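Engineer: Kindly return the folded structure for what I paste below:
(4 chains)
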Protein chains: 2
Amino acid sequence: MSTAQGARARARTEVTAAIKEEARRHLAKEGAAKLSLRAVARDLGMVSSALYRYFPSRDELLTALIIDAYDSLGEAAEQARDAAADSAPVARWTAVCEAVRGWALAHPHEYALIYGSPVPGYAAPQTTVPAAARVGLVLIGIVRDAREHGGLSELPLPAGLRPEAERMAADLAPELPPESVAALAAAWAQLFGLVSFELFGQFNNVVEDREAFFRHAAMGLAQGVGLR
Amino acid sequence: MSTAQGARARARTEVTAAIKEEARRHLAKEGAAKLSLRAVARDLGMVSSALYRYFPSRDELLTALIIDAYDSLGEAAEQARDAAADSAPVARWTAVCEAVRGWALAHPHEYALIYGSPVPGYAAPQTTVPAAARVGLVLIGIVRDAREHGGLSELPLPAGLRPEAERMAADLAPELPPESVAALAAAWAQLFGLVSFELFGQFNNVVEDREAFFRHAAMGLAQGVGLR
DNA sequence: GTCTATAACGAGATAGAC
DNA sequence: GTCTATCTCGTTATAGAC
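Structural biologist: Just a heads-up that it's a prediction; the model follows:
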């Protein structure tokens, strides 16, 4: 009995994976806006109604793809952090930044899915939040470690931002000073600005040696959050 | 004759504008990937073949929308610069940053068109380049002015980036030191990272007082390029 | 219980004949 | 420029295979 259960569960996992894989291929060809359950089913040799056993709607399939992408990126960031565990915080920071860039270059369509324009008519549910938070948590962790070892500079905080910075700190990283949390959120967005500009073609005719350029910019971000 | 010509030309301009306006509405509803000449024509009470008298293809219509969006944003940035012409470079810098953000919030779908995920199957032609460059040129101009008045700090430049920074400076702003040009390019991308994160929902549950947050981050960008 | 296939719906896009 | 026949889509109901 448990064997039969296992076989069924295994088959289900495999079909689910095959659907997502095919859907990712469609993502690359047509973009998220045009992702169609029917087309995915057709290319898998299935009938569209059969897909509903695995995903209750097109939007749920999209959500699954989004969560997978965030998780894949988050894992890349965590691995880079762990591989640089013995290095100084600044080196760990840049290693994570470069891992984010490397993942984006390797998975451009999944990157566009999560950090590009929103898909019209689709609103990401709260279930995507934990996966989406992983990269940010990695960055927070590096700053926390630096602070514990006295490697964090003090940062200015204008009076107008203090209430919001304190709220953010309470929500995201109570162990950090509010000014660091505000700087972290900015650096986080700026990191993806660099990656998006490279990936989306904004650096064409502008930046050629992107590797060297990015490395320097990531270092600048580290300074911006007070790492030294 | 010249009167008839003028009327004809005026009519053509009006119809062209109406088509673009309708296309922008479609952009908002369905996104750029699904923009279809037919649908635009239908909603204008025209027949699709008539549209080809104004735009030879869907891609050319997209290109026109993209150039318009870049120009509209560039104009907003230039106006903000001019309105703050008497202020210090840092204030001018943040004014331009806030104008970029303001324009993006007011035109989210056009912003997504130019700074979001690339449209599958569409490659922007070189004709978009001058319009796309306008914001960058505004930022360069502020740094140039600051330098002429002694308001620019010296920046570090790692040896590995020097060749690329010199190439960039030669191409983009020969009057500026290479390290400033590299820093400018990074700040430019980071500025749009901040705007994209706010607009694309990445700051949901993270940043609430976006106005104050952005103002502070824009100030940080100014520091990053050496303004003081 | 778990799955796949058939058929259908209502909405919309599209191609081509006229 | 108009009309129609034929496609697509997401989704559901239903029936039957394992």
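Engineer: need the helices for chain A, in chain order.
Structural biologist: For chain A, helices defined by DSSP state H occupy the ranges A:2-30, A:37-43, A:48-51, A:58-83, A:89-106, A:108-115, A:129-148, A:162-172, A:178-199, A:210-224.
Engineer: quick one, which of the ones you listed is packed in tightest?
Structural biologist: helix A:178-199 (a mean of 25; mean count of other C-beta atoms under 10 Å in any protein chain shown). Every C-beta, even on glycine, is put in place using the N, C-alpha and C of the backbone.
Engineer: So that one, near chain B or not?
Structural biologist: Yes. Contact of helix A:178-199 with chain B (C-beta under 8 Å from any C-beta of the partner chain) involves A:182-183, A:185-186, A:188-194, A:196-198.
Engineer: Can you name every helix or strand that that helix contacts?
Structural biologist: helix A:89-106, helix A:108-115, helix A:129-148, helix A:162-172, helix A:210-224, helix B:178-199, helix B:210-224 (3 or more C-beta pairs under 8 Å, 6 or more residues apart in numbering or on different chains; DSSP states H and E).
Engineer: And the second one, how far out from the chain middle?
Structural biologist: Same thing as helix A:108-115. 9 Å (C-alpha atoms, centre = their mean, to the nearest Å).
Engineer: what's near enough to touch the residue of chain A found nearest DNA strand C?
Structural biologist: In chain A, the residue that lies nearest DNA strand C is residue A:49 (3.4 Å; C-beta to the nearest atom of the strand). The contact partners of residue A:49, by C-beta atoms under 8 Å, 6 or more residues apart in numbering or on different chains, come to none.
Engineer: Distance check, it against chain B.
Structural biologist: 24 Å (C-beta to the nearest C-beta, to the nearest Å).
Engineer: go on, residue A:208?
Structural biologist: Applying C-beta to the nearest C-beta to residue A:208 and chain B gives a distance of 6 Å.
Engineer: Give me the pLDDT value at that residue.
Structural biologist: As predicted, residue A:208 sits at a pLDDT of 98.
Engineer: From DNA strand D, how far off is the residue nearest to it when sequence neighbours are not counted?
Structural biologist: Distance criterion C-beta to C-beta, 6 or more residues apart in numbering or on different chains; nearest residue to residue A:208, sequence neighbours excluded, is residue B:164 at 6.3 Å. Per C-beta to the nearest atom of the strand, to the nearest Å, residue B:164 is found 44 Å from DNA strand D.
Engineer: ok, residue B:164 touching residue A:214?
Structural biologist: No. Residue B:164 is not in contact with residue A:214 according to C-beta atoms under 8 Å; the separation is 10.9 Å.
Engineer: what residue is smack in the middle of chain A?
Structural biologist: Chain A has residue A:70 as the residue nearest its centroid, 4.3 Å off, counting by C-alpha atoms, centre = their mean.
Engineer: Distance of the nearest residue to residue A:118 once chain neighbours are set aside relative to residue A:189?
Structural biologist: Of all residues not flanking residue A:118 in the chain, residue B:200 sits nearest, at 5.8 Å (C-beta to C-beta, 6+ apart). Relative to residue A:189, residue B:200 is positioned 10 Å away (C-beta to C-beta, to the nearest Å).
Engineer: need the contact list for the nearest residue in space to residue A:33 that is not next to it in sequence.
Structural biologist: Using C-beta to C-beta, 6+ apart and skipping residues adjacent in sequence, the residue nearest residue A:33 is residue B:33, 4.0 Å away. Neighbour list for residue B:33: A:30-31, A:33-34, B:119-120 [criterion: C-beta under 8 Å, 6+ apart].
Engineer: which non-adjacent residue is nearest residue A:74?
Structural biologist: Closest to residue A:74 by C-beta to C-beta, 6+ apart is residue A:134, at 2.8 Å.
Engineer: List the contacts of the one you found.
Structural biologist: A:70-71, A:73-75, A:77-78.
Engineer: ok, the residues you listed vs residue B:40, which is closest?
Structural biologist: residue A:70 (34.8 Å; C-beta to C-beta).
Engineer: dump the residue contacts of the closest residue to that closest one other than its chain neighbours.
Structural biologist: Nearest non-adjacent residue to residue A:70, counting by C-beta to C-beta, 6+ apart: residue A:131, 3.6 Å away. Contact analysis of residue A:131 by C-beta under 8 Å, 6+ apart lists A:66-67, A:70-71, A:74.
Engineer: And for residue A:212?
Structural biologist: The neighbours of residue A:212, taking C-beta under 8 Å, 6+ apart as the test, are B:158, B:160-161, B:164.
Engineer: pLDDT and distance to residue A:145 for those residues - can I get that in a markdown table?
Structural biologist: A markdown table is the format used below for the contacts of residue A:212 (pLDDT from 0 to 100; distance: C-beta to C-beta, whole Å):
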| residue | pLDDT | distance to residue A:145 |
| --- | --- | --- |
| B:158 | 97 | 24 |
| B:160 | 97 | 26 |
| B:161 | 98 | 27 |
| B:164 | 98 | 32 |
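Engineer: In these, find the pair that's most separated.
Structural biologist: Going by C-beta to C-beta, the pair spanning the contacts of residue A:212 furthest: B:158 and B:164, at 10.5 Å.
Engineer: I'd say residue A:107 and residue A:70 touch.
Structural biologist: No. Counting by C-beta under 8 Å, residue A:107 sits too far from residue A:70 to count as a contact (11.3 Å).
Engineer: could you measure the residue of chain A found nearest chain B against residue B:205, distance?
Structural biologist: Going by C-beta to the nearest C-beta, chain B is nearest to residue A:193 of chain A, at 1.8 Å. Counting by C-beta to C-beta, the separation of residue A:193 from residue B:205 is 20 Å.
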